[in-house]
Each structure stands twice: as C-alpha cells, then as structure tokens.
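*Asks:* task: produce atomic coordinates for the following.
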Amino acid sequence: MSGRPIFILWLLLLSTAAGWSQWNVVTQQGRRYVPIEDVAAFYKMSRPVAEGRSFSLTGPGKSLRGGVGSREIYINNVKHVLCFPVESVNGRTLLSAMDVTKIIEPVLRPGKIQNAAMVQTVILDAGHGGHDGGARGALGNEKNYTLDVVMRAKQLLEASGFKVRLTRSTDVFIPLEQRAAIANRYPNGIFVSVHFNKGKGGAGTGIETYCLAPRGVPSMDAESVSYSDLRPYPGHANDAANVALATACHSSMLKRLRVFDRGIKRARFVVIRDIRIPGVLLEGGFVDHPNDARQIASVDYRQRMALAILDGVNAYRRAVNGQPAYTPATVIASAADAGAQPPLDRPLIPSAVNRPAPPLVINGMQINPSASP
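*Replies:* As a prediction, the model looks like this:
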C-alpha cells in the first residue's frame, strides 16, 4: 500500500443478531479490518476453509470465496471487486470493514436495507447518442445498441406493470447532468444506464456492472484514495441499495447472456453519482471483441439483455421490499462526517498491526476492539 494518506471509513452499529458477541476489529495502516472468522460467524456460515492464499465460506443458500492480496471476491458465485485488497496478518485473513459494510452486508441481507422505497418507476438510460456515438466496432456503434436494448426493456417492464421513463428515446445527445436530473424526478424509482464497452486491441471481453464508489473508496482500478474520493455525492445516500441493485442486475445478465464475468465494480460516473435514487451502469460486452461484437450485433443477444434488466429489477424489488426495519450488522468503522476527516498532508496513522486498535465510541458507548487479529 502506498504512503499516501488513508481515509478511515464507515460504520455498522451494534447488532441484535442472536448469539452474536462482538467483532474483533483490527487497525492496520489507518484502515479497519475484521477476520473472516467473524464474518462467517455473523452470517451463520461455516468456518473458513483455507487452501494456500485462498479461502471460502459457505452457508445455507450463500457462499463467499476470495484470496489474500486480491480485490476480487465471489459472493454467491458472482464476482465483486472489493474496495480494498484482502489482507493477511499474523496468519489470519482479514477483510476491510468498508467491504463488510458496503458490499457483503447488502448482498447477503438485502432485505435489511434501510428505507428502501417500493419500486414504482424504472428510469432507463441509453448511453451516448447524437454526435456522441460511444464505442465504435466493426459491426456497429454503442449508441445504437444501447437505445435498442432500452426500448426492448421498456416494453418488457411496462408489460410487467412498471412505469418506465427514458432519458432518451431517439438518436439525440443528452448531457450527463440532464440524465441525472431526469432520474431525480422520480423518488420511488431506480436508474439503469445501459452501455457497451471497448478495450485495447480487441482483447477485452465480458460484462461488468458499476455502482457508485462509497465515500473514501478508490474509484475504478485506483489503488489508493485521492482527495476527490472523500467528497460526498447525492448517490451516497443509497450505497447499500446501489450494491443490491447492481448484484440483482449483474446476476441476471450472467444467467441470460452466459458470458465472461468481469464483476461488479465501483466508479464515480456522473449518471450514478448525482442521482438521489438507487442506480447502476451496465456494460453489456465489448464491441471490438470478435465474439462479443457478433453477439451484441444480434437481435437475440440484445433481447436477452433486455430480459436480464427485467429479471434484475424484479429480483431487486423482491429482495428489498416488504422486510422489517433495518438492523445494522455491528461495529465496524467510521469517519464519514467532515469533522472526522484526517489531514491530507501526512499519513493518517502508522501501521498498528502489533498494537491495540483504538476504541470506538458510539452514542457514548465505548467498544473495545481486539488488540490483535
């Protein structure tokens, strides 16, 4: 990890889960981690099975597997790109607190997401348009493919009883900020932006899904936090719902399209950054990859992608609606308020592997984390 300043992240409060005692919170290089044994215990999964640097956890209807040093983790066989790499300290495997609170929790327990609104409207966003053709391939342009998928998804969603609004319905350029403004007109809506990819030299293949990077998390493939990553945006109010929606849509695309899984990732694209409702951005394949391009150019593939959007929206609605009030998982980590942000001209704190992590104080209650992992 670089010597650049590190931002301490979010918080889960005390859990009322039966039989649960505490998390063993460890601070390392200014970031908080928890052992995978604690994750397994809290989510009622088996004790971790380790093989070299890899590990796996299983439980009724759920699974989790990953590896030390990697940012890739598979939750229920769907790839997620973590906020921070898995660490190993003193022989124990650790996950960052941010990843437990912002990825694992909403994926494994979407029904407990706080204030998830009943989905009434789906805002479909066909990427690019007009003079902005998007990614160009030998068989077609992104702007035309995205509009075709959106119009197909609109028909399917409306037939299923959803209200649907489009950011564009013709080959016209719509600024990104205007697309977000359209979405914000519908407080009981969700936002799905449709795109296709282009790589370098035609080597890229497969699908990927983006949701907003939480505050204090590197965007895209960056390895360390920059000052701009600390800025709050409207979309951060729906961090948990964003991940749940991304998981539902991405899982549905994998089932319908049967293509390579590039994972669920984090970014700060304007259209998912500036919206006040849950939103995702879908990348349906590479227009410059020989196999991907042939599929994307086919009506059958685009129809299946539209069906995957319908499936994803329905899966998200079933997962988050009609559930009890949210009870956060447990104590993890926080410094989300502006007053708690560290100075950026020096490292936050040195590595604390071999000394106790500082106590957390929440609502006047001191929670003492473990002195070692």
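*Asks:* quick one: the strands in the stretch 51-200 of the chain?
*Replies:* For the stretch 51-200 of the chain, the strands defined by DSSP state E, counting those that start in this stretch occupy 54-59, 62-67, 72-75, 78-81, 87-89, 92-96, 121-126, 136-137, 140-141, 163-166, 189-197.
*Asks:* pull out the buried positions in the second one.
*Replies:* Neighbour-count burial for strand 62-67, with 16 or more other Cβ atoms under 10 Å as criterion, is recorded at 64-67. Placement of C-beta: from N, CA and C, glycine included.
*Asks:* sheet partners, orientation included, of it?
*Replies:* Partners of strand 62-67 in the sheet, by DSSP bridges, are strand 54-59 (antiparallel), strand 72-75 (antiparallel).
*Asks:* nearest to R266, of those strands?
*Replies:* Nearest to R266, of all these, is strand 72-75, at 12.9 Å by Cβ to Cβ.
*Asks:* report all helices and strands that the helix or strand containing M305 contacts.
*Replies:* According to DSSP states H and E, M305 maps onto helix 299-320. Helix 299-320 is packed against helix 142-159, strand 189-197, helix 239-257, strand 279-286, with contacts defined by 3 or more Cβ pairs under 8 Å, 6 or more residues apart in numbering; DSSP states H and E.
*Asks:* can I get the ones you listed in TSV including mean neighbour count?
*Replies:* Conversion of those to TSV gives the following (neighbours: other Cβ atoms under 10 Å):
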stretch	mean neighbour count
helix 142-159	21
strand 189-197	26
helix 239-257	24
strand 279-286	27
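*Asks:* indicate which one of those is closest to R53.
*Replies:* Proximity of these to R53 was assessed by Cβ to Cβ; the nearest stretch is helix 239-257, lying at 25.2 Å.
*Asks:* what mean pLDDT does that closest one have?
*Replies:* Averaged across helix 239-257, the pLDDT comes to 97.
*Asks:* right, and the helix or strand after that helix?
*Replies:* strand 261-267.
*Asks:* mind putting the helices and strands packed on helix 299-320 into CSV with distance to I264?
*Replies:* As requested, the helices and strands packed on helix 299-320 are arranged in CSV below (distance: least, Cβ to Cβ, whole Å):
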stretch, distance to I264
helix 142-159, 19
strand 189-197, 14
helix 239-257, 5
strand 279-286, 9
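*Asks:* once you drop chain neighbours, what's closest to the residue most central in space within the chain?
*Replies:* With distances taken as Cα atoms, centre = their mean, V243 lies nearest the centre of the chain, 4.0 Å away. Excluding the flanking residues, the one nearest V243 by Cβ to Cβ, 6 or more residues apart in numbering is P106, at 4.5 Å.
*Asks:* what do you get for Q155?
*Replies:* Nearest non-adjacent residue to Q155, counting by Cβ to Cβ, 6+ apart: A306, 7.9 Å away.
*Asks:* where does the stretch 201-350 of the chain have low pLDDT?
*Replies:* Along the stretch 201-350 of the chain, segments meeting pLDDT under 70 span 221, 223, 322-350.
*Asks:* what's the nearest residue to Y210 if we skip its chain neighbours?
*Replies:* L281 (4.3 Å).
*Asks:* tell me the contacts of that neighbour?
*Replies:* For L281, the contacting residues are 193, 195, 209-211, 267, 269, 271-272, by Cβ atoms under 8 Å, 6 or more residues apart in numbering.
*Asks:* kindly indicate which of these lies nearest K79.
*Replies:* Within the contacts of L281, the smallest distance to K79 is 9.9 Å, found for T209 (Cβ to Cβ).
*Asks:* check which helices and strands the helix or strand hosting that closest one sits against.
*Replies:* Element membership for T209, per DSSP H and E: strand 207-212. Packed against strand 207-212 by the contact rule (3+ Cβ pairs under 8 Å, 6+ apart) you find helix 239-257, strand 261-267, helix 270-273, strand 279-286.
*Asks:* repeat that for 10 Å
*Replies:* Strand 207-212 sits against strand 78-81, strand 189-197, helix 239-257, strand 261-267, helix 270-273, strand 279-286, helix 299-320, with contacts defined as 3 or more Cβ pairs under 10 Å, 6 or more residues apart in numbering; DSSP states H and E.
*Asks:* pull up the pairing partners for that strand, direction included.
*Replies:* strand 261-267 (parallel), strand 279-286 (antiparallel).
*Asks:* before we move on, back to that, tell me what angle the helix holding M305 forms with strand 207-212.
*Replies:* Interaxial angle of helix 299-320 relative to strand 207-212 (axes from the mean of the first three to the mean of the last three Cα atoms, to 10 degrees): 40 degrees.
*Asks:* and what about N291, helix, strand or coil?
*Replies:* Three-state assignment for N291 (DSSP: H, G, I helix; E, B strand; the rest coil): helix.
*Asks:* and the closest residue to it other than its chain neighbours, what does it touch?
*Replies:* In this structure, N291 finds its nearest non-sequential neighbour in T205, 6.8 Å apart by Cβ to Cβ, 6+ apart. Neighbour list for T205: 197, 199, 259-260, 262, 285-286, 288-293 [criterion: Cβ atoms under 10 Å, 6 or more residues apart in numbering].
*Asks:* how much space separates the residue nearest to the centre of the chain from V280?
*Replies:* Using Cβ to Cβ, to the nearest Å, we find V243 at a distance of 9 Å from V280.
*Asks:* next, show the common contact partners of the two.
*Replies:* Contacts common to V243 and V280, judged by Cβ under 10 Å, 6+ apart, are 211-212, 264.
*Asks:* using JSON lines, lay out the helices and strands packed on strand 207-212 together with distance to T101.
*Replies:* What follows is the helices and strands packed on strand 207-212, written out as JSON lines (distance: least, Cβ to Cβ, whole Å):
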{"stretch": "strand 78-81", "distance to T101": "14"}
{"stretch": "strand 189-197", "distance to T101": "21"}
{"stretch": "helix 239-257", "distance to T101": "9"}
{"stretch": "strand 261-267", "distance to T101": "14"}
{"stretch": "helix 270-273", "distance to T101": "19"}
{"stretch": "strand 279-286", "distance to T101": "19"}
{"stretch": "helix 299-320", "distance to T101": "17"}
